[in-house]
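**Student:** Build me a model from this:
(one chain, ligands or ions: 2)
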Amino acid sequence: MKRIAYSELNAVEHWLDVVDPATADVVAQVSAGTAHDVEVAVRRAQAAFPAWSQQPNSERARWLDRLADALEARIPEFAEAETRDTGKPLWLTREIEIPRAVANLRFFAQAATQFASESHHGQAGLNYTLRQPHGVVGVISPWNMPLLLFTWKFAPALAAGNCVVAKPSEVTPLTAQMLAELARDIDFPEGVLNIVHGLGQTVGQAMVEHPGIRAISFTGSTAVGKHIAEHCARQLKKCSLELGGKNAALIFADAPKDKLYDHVVRAAFQNTGQICLCGSRLLVERRFYDEFRDTFVAKATHHLVGDPLAEGSFLGPLVSKAHHDKVMAYLELARDEGARVLAGGQRIDVPGRCANGWFVAPTILEGLGPHCRTNQEEIFGPIVTLQAFDDEEEALSLANATPYGLSASIWTEHLSRAHRVAARLDAGIVWVNTWMQRDLRTPFGGMKQSGLGREGGLEAMRFFTEPKNVCIGV
Ligand code: NAP
Ligand code: MG
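**Tutor:** Numbers count the residues shown, from 1 in each chain. Ligands and ions are numbered 1, 2, ... in the order given. Okay, the predicted model is just below:
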């Protein structure tokens, strides 16, 4: 069985199983890294920093492009590994997620060459801004889109001239490790990108506490994000937090019916509901409610849950037994809170190879008020609720009635209503008549309990640099 570790040089005391959630088979083992591994990684990154940061921007861009080329040449292999590690259907990893990781590398390669700073004059002296890399930065990423979110974080850090210590989720470490091997194959400069595997409480915590790591970019749950922010505060360490969501879809009676259902089904259930941007609260204008509900239920239940390696599967299993158990507990809670189950509501047994997998049926609930736990807490599974509203005001108050503020979608042909509602939603990202369409230049992140700071485009380049004002007396 394949065993993966940060470095062959460090002895590994504990190994963690890497599990295929479609079969419950152990497919590899990953080292449970230690604070010592983090120490070694920080020292290597510090040693690599002067040469890496002093290269012309175009040289750093060239390295990111080379890594993108190498990854692009092996998309099928990476897609299969990501599918085995996460249970995502192969079409999703092959067509979307691994190609998006390639796109992230290319996008930030270009950002390295395009990033520029400001100058100010005409008031007091001649001022220019230097935007300098921090040095060594830390990147901590979750299991729900392993390679996509990992590249989204480390690529801008490297583009801006930093060296990186990174901890992918130990639940899904395979593709990050394959990328590290790919980097080695193409002679990517030594020490620039260091991947330390292991648990959040040990490796993640050691990164957050290490004084040599000058900034932390974290994507994960709100609870862990708050914990990280507290520890960063003790050293005034810069941190960027991309956290959970409980996103609403506001569906008006004049929604464009030709695309509404396909998009809303995807927003509800893609990746088995394990995307921070999933629309899990469907708010529907009352006069359209019955028609929407019946059509939505029919379309959602038409999609196949099954073996992620089989071409026809739309949904795979949940990522782990622990997560499966959490989602099942939420189903029980929803019933206790008085939910009517319109579809799903139970495990699915997939025969054959996947008989032991952690599959849950796409579940649609109605009859729950906005303040029950089912409508307040992030479940991160294939569970959506339906609520009716009478007018725009009520739609907004339902949409904004959670502690989260990551994303929302508005479905209407009424142009001025779309703009009006978008401006009043508590959300960092609002889609109108679409979902998860992404221009990588736009600010990405959430408000309220969904995060602190923004990623994407120049926002990420700014996070990974320190602005320094130089004022010349003229
Ligand atoms: P998580 O439990 O918060 O873990 C995220 C990462 O943090 C993992 O690598 C984890 O390691 C690590 N970690 C845990 N404790 C730590 C500590 N004390 N110090 C440093 N690092 C620590 O989240 P998850 O369950 O993997 O991912 C799902 C969550 O991510 C959901 O809430 C989802 O909404 C959110 N998410 C947000 C976005 C966004 O852009 N806003 C995007 C995707 C996902 P371990 O695995 O060992 O615990
Ligand atoms: Mg796994």
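**Student:** quick one: contacts for the closest residue to ligand 2 within the stretch 351-474 of the chain?
**Tutor:** Relative to ligand 2, the nearest point of the stretch 351-474 of the chain is Trp358 (10.6 Å; CB to the ion). Glycine gets a C-beta too; all of them are placed from N, C-alpha and C. Applying CB atoms under 8 Å, 6 or more residues apart in numbering to Trp358 gives the contacts 21, 24, 87, 317-321, 323-324.
**Student:** 7 Å instead, please
**Tutor:** Contacts here follow CB atoms under 7 Å, 6 or more residues apart in numbering; on that basis Trp358 touches 21, 317-318, 321, 324.
**Student:** try Met328
**Tutor:** So Met328 contacts nothing (CB under 7 Å, 6+ apart).
**Student:** Can you tell me the SS state at it?
**Tutor:** helix (DSSP: H, G, I helix; E, B strand; the rest coil).
**Student:** got the domain boundaries for this structure?
**Tutor:** Annotated domains of the chain cover 2-243+450-472, 247-440 [automatic domain parsing].
**Student:** Which positions in the protein make contact with ligand 2?
**Tutor:** 19, 85, 172 (CB under 5 Å from the ion).
**Student:** ok but the last one is inside a strand, no?
**Tutor:** No. Per three-state DSSP, Thr172 lies outside any strand segment and is coil.
**Student:** What separation is there between it and Thr83?
**Tutor:** 11 Å (CB to CB, to the nearest Å).
**Student:** neighbour-wise, which of the two wins?
**Tutor:** More crowded of Thr172 and Thr83, by other CB atoms under 10 Å: Thr172, with 29 against 24.
**Student:** I'd assumed Arg84 was in contact with the more buried one.
**Tutor:** No. Contact between Thr172 and Arg84 fails when scored by CB atoms under 7 Å: they sit 9.8 Å apart.
**Student:** and after the helix-or-strand element of the chain with minimal mean pLDDT, which helix or strand comes next?
**Tutor:** Lowest on mean pLDDT, DSSP states H and E among the helices and strands of the chain sits strand 2-4, with a mean of 82. With elements assigned by DSSP states H and E, the helix or strand that comes after strand 2-4 is strand 15-20.
**Student:** Just the CA trace of that next one, in PDB.
**Tutor:** Written as PDB, here are the backbone C-alpha positions of strand 15-20 (Å, rounded to 0.1, in the frame of the first residue of the first chain):
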ATOM      1  CA  TRP A  15       0.300   6.700  10.000                       C
ATOM      2  CA  LEU A  16      -3.300   7.700   9.200                       C
ATOM      3  CA  ASP A  17      -5.500   5.700   6.900                       C
ATOM      4  CA  VAL A  18      -6.600   7.300   3.600                       C
ATOM      5  CA  VAL A  19     -10.000   5.900   2.800                       C
ATOM      6  CA  ASP A  20     -12.100   5.600  -0.400                       C
END
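**Student:** Starting from that strand, tell me which strands it pairs with and how they run.
**Tutor:** According to DSSP bridges, strand 15-20 forms sheet pairs with strand 25-31 (antiparallel).
**Student:** ok, back up a step: could you pull out the buried residues of the least confident helix or strand of the chain?
**Tutor:** Neighbour counts using 16 or more other CB atoms under 10 Å place Ile4 of strand 2-4 among the buried residues.
**Student:** Just list what it packs against, helices and strands only.
**Tutor:** Here strand 2-4 touches strand 25-31, going by 3 or more CB pairs under 7 Å, 6 or more residues apart in numbering; DSSP states H and E.
**Student:** where exactly do the helices run in the stretch 251-400 of the chain?
**Tutor:** In the stretch 251-400 of the chain, the helices defined using DSSP state H, counting those that start in this stretch lie at 257-269, 286-302, 321-336, 373-376, 392-399.
**Student:** Buried residues, the third one. List them.
**Tutor:** Read that as helix 321-336. Buried, per 16+ other CB under 10 Å, within helix 321-336: 323-324, 327-328, 330-331, 334.
**Student:** thinking again about what came up before, and of the helices of the stretch 251-400 of the chain, who's closest to ligand 1?
**Tutor:** helix 321-336 (7.5 Å; CB to the nearest ligand atom).
**Student:** What parts of the stretch 151-300 of the chain come near ligand 1?
**Tutor:** Residues of the stretch 151-300 of the chain lying close to ligand 1 by CB under 6 Å from any ligand atom are 167, 169-171, 199-201, 204-205, 208, 219-221, 224, 227-228, 242-245, 276.
**Student:** Narrow those to those that are buried.
**Tutor:** 167, 169-171, 199-200, 204-205, 208, 219-221, 224, 227-228, 242-245, 276.
**Student:** Give me the subset of those residues lying in helices.
**Tutor:** Among those, the ones falling in helices (DSSP state H) are 205, 208, 224, 227-228.
**Student:** Kindly indicate which of the residues of the chain next to ligand 2 lies nearest Val192.
**Tutor:** Set against Val192, the nearest of the residues of the chain next to ligand 2 by CB to CB is Thr172 (22.9 Å).
**Student:** pLDDT value on the closest one, please?
**Tutor:** For Thr172, the model assigns a pLDDT of 98.
**Student:** Who are the contact partners of it?
**Tutor:** The neighbours of Thr172, taking CB under 7 Å, 6+ apart as the test, are 85-86, 143, 146.
**Student:** same check, this time on Pro362
**Tutor:** 269, 300-301, 303, 315, 343-344, 382.
**Student:** now do Leu396
**Tutor:** Shown in contact with Leu396 (CB under 7 Å, 6+ apart): 421, 424-425.
**Student:** Distance check, it against Ser416.
**Tutor:** Counting by CB to CB - Leu396 and Ser416 are separated by 15 Å.
**Student:** Tell me which residue in the protein sits closest to ligand 2.
**Tutor:** Of all residues in the chain, Asp85 sits closest to ligand 2, at 4.2 Å by CB to the ion.
**Student:** and the gap between the residue of the stretch 351-474 of the chain closest to ligand 2 and Asp307?
**Tutor:** Per CB to CB, Trp358 is found 13 Å from Asp307.
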